[in-house]
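Participant: got a predicted model here, sequence first, then my questions.
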Amino acid sequence: MTDGEVFADLLGEVEARRREFVVYAADEAEADVVAGFDTRNVTVTHRSLPSGGPPGFVVIRGPDGRFAGSVGIPEVREFLSPPIRRPWDDDWTGGGYRALLAVLDEALFVSFDRRQLLATSREIEDRAWRAGRGTLRVGFQSRASFELQLAFYRRLAADTDLDVHVYGSPDWIRDRPSIEGVTLHEAPEGLAAYWFLAFDGGGEAENACALVAEEWYPDDYRGFWSYDAGTVERIYDALGAVEG
């Protein structure tokens, strides 16, 4: 099985695991914040709260119908229009945002834009930064996308003991000048079509995480993120075949 087929299979498996959002809110305007998740492999249902009662919140149920977690409406709003931060920024804790990422582990997202994917990517990079060791593997779909993040990855490699690997299409990776602390790999066409990150956890399985996404239309992505060490290992196995 090729590397691209592994990613396609992972997307297919995740797509079969649909989530349910049960929105508790006192008014329609508050409840409508969650309406966008109808396009993200999530079933959205609504329950009314009395006027003047508690703030609105969302209960999330897994594919088996079991309770997976709950978050407030403000966290959902932030998730839909996330801040872009760097691991070394200490002015944002993002507790609610991270809680929503955790309960949507291995849930398919559809119609994510580049900003939302970049914010999710930063969460994976933040885990790698805080661990300070291990291997981080990142795939870029174009040279322009990589150049925009070049200063970020230079610092990530320089200020940690991370082993950083970057993958891209041969038409731009092949003649790209070397970067201290970063290993560049030519990715075949099947792999170069994906935006991905995978961190092995730096020796701690609970820190392993990954993101896999494919662009369906310009700035319109589908994919998933995962905190499962087994899923990260499958991605690493596929990338190992590229490295030879």
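Facilitator: Sure thing, it's come through. Since this is a predicted model, take the numbers as computed values, not measurements. Numbering: from 1, shown residues only.

Participant: so which bits of the longest strand that the chain contains are buried?
Facilitator: Counting residues, the longest strand found in the chain (DSSP state E) is strand 209-217. If you call a residue buried by 16 or more other CB atoms under 10 Å, then strand 209-217 has these buried ones: 209-215. All C-beta atoms are positioned from the backbone trio N, CA, C, and that covers glycine.

Participant: dump that strand to PDB, restricted to CA.
Facilitator: C-alpha atoms of strand 209-217 as PDB (Å, rounded to 0.1, in the frame of the first residue of the first chain):
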ATOM      1  CA  CYS A 209      -0.800  13.500  17.700                       C
ATOM      2  CA  ALA A 210      -1.400  14.000  14.000                       C
ATOM      3  CA  LEU A 211      -3.300  16.000  11.500                       C
ATOM      4  CA  VAL A 212      -4.200  14.800   7.900                       C
ATOM      5  CA  ALA A 213      -6.100  16.900   5.500                       C
ATOM      6  CA  GLU A 214      -6.700  17.100   1.700                       C
ATOM      7  CA  GLU A 215      -7.800  20.100  -0.300                       C
ATOM      8  CA  TRP A 216     -11.100  19.400  -2.200                       C
ATOM      9  CA  TYR A 217     -11.500  22.900  -3.500                       C
END
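
Participant: can you give the strand pairings for it, parallel or anti for each?
Facilitator: With DSSP bridges as the test, strand 209-217 is paired with strand 194-199 (antiparallel), strand 220-226 (antiparallel).

Participant: for Phe109, find the nearest of those.
Facilitator: Nearest of these to Phe109, taken as CB to CB: strand 220-226 at 6.2 Å.

Participant: quick one: buried residues of that closest one?
Facilitator: Neighbour-count burial for strand 220-226 [16+ other CB under 10 Å]: 221-226.

Participant: list just the nearest of those to Phe196.
Facilitator: Out of those, the member with the shortest distance to Phe196 (by CB to CB) is Gly223, at 8.3 Å.

Participant: quick check, that closest one in contact with Glu215.
Facilitator: No - using CB atoms under 8 Å, Gly223 makes no contact with Glu215, being 9.4 Å away.

Participant: hmm, back to that, got TSV for the buried residues of strand 220-226, with pLDDT too?
Facilitator: Output for these, formatted as TSV (pLDDT from 0 to 100):
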residue	pLDDT
Tyr221	87
Arg222	87
Gly223	88
Phe224	90
Trp225	90
Ser226	91
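
Participant: circling back: joint contacts of Gly223 and Glu215?
Facilitator: Trp195 (CB atoms under 8 Å, 6 or more residues apart in numbering).

Participant: go ahead and confirm Leu197 touches Ser121.
Facilitator: Yes - between Leu197 and Ser121 there is a contact at 5.5 Å, judged by CB under 8 Å.

Participant: who has more neighbours out of these two?
Facilitator: Leu197 (24 against 19; other CB atoms under 10 Å).

Participant: mind listing what that one touches?
Facilitator: 121, 124-125, 136-139, 210-211.

Participant: let's see 10 Å
Facilitator: The neighbours of Leu197, taking CB atoms under 10 Å, 6 or more residues apart in numbering as the test, are 117, 120-125, 127-128, 136-139, 209-213, 225, 235.

Participant: so what sits opposite it in the bridge?
Facilitator: Under DSSP bridges, the beta-bridge partners of Leu197 are Val138, Leu211.

Participant: can you give me the helices in the chain?
Facilitator: Using DSSP state H, the helices found in the chain span residues 3-15, 28-31, 73-80, 95-103, 114-131, 143-148, 150-158, 170-173, 189-192, 229-243.
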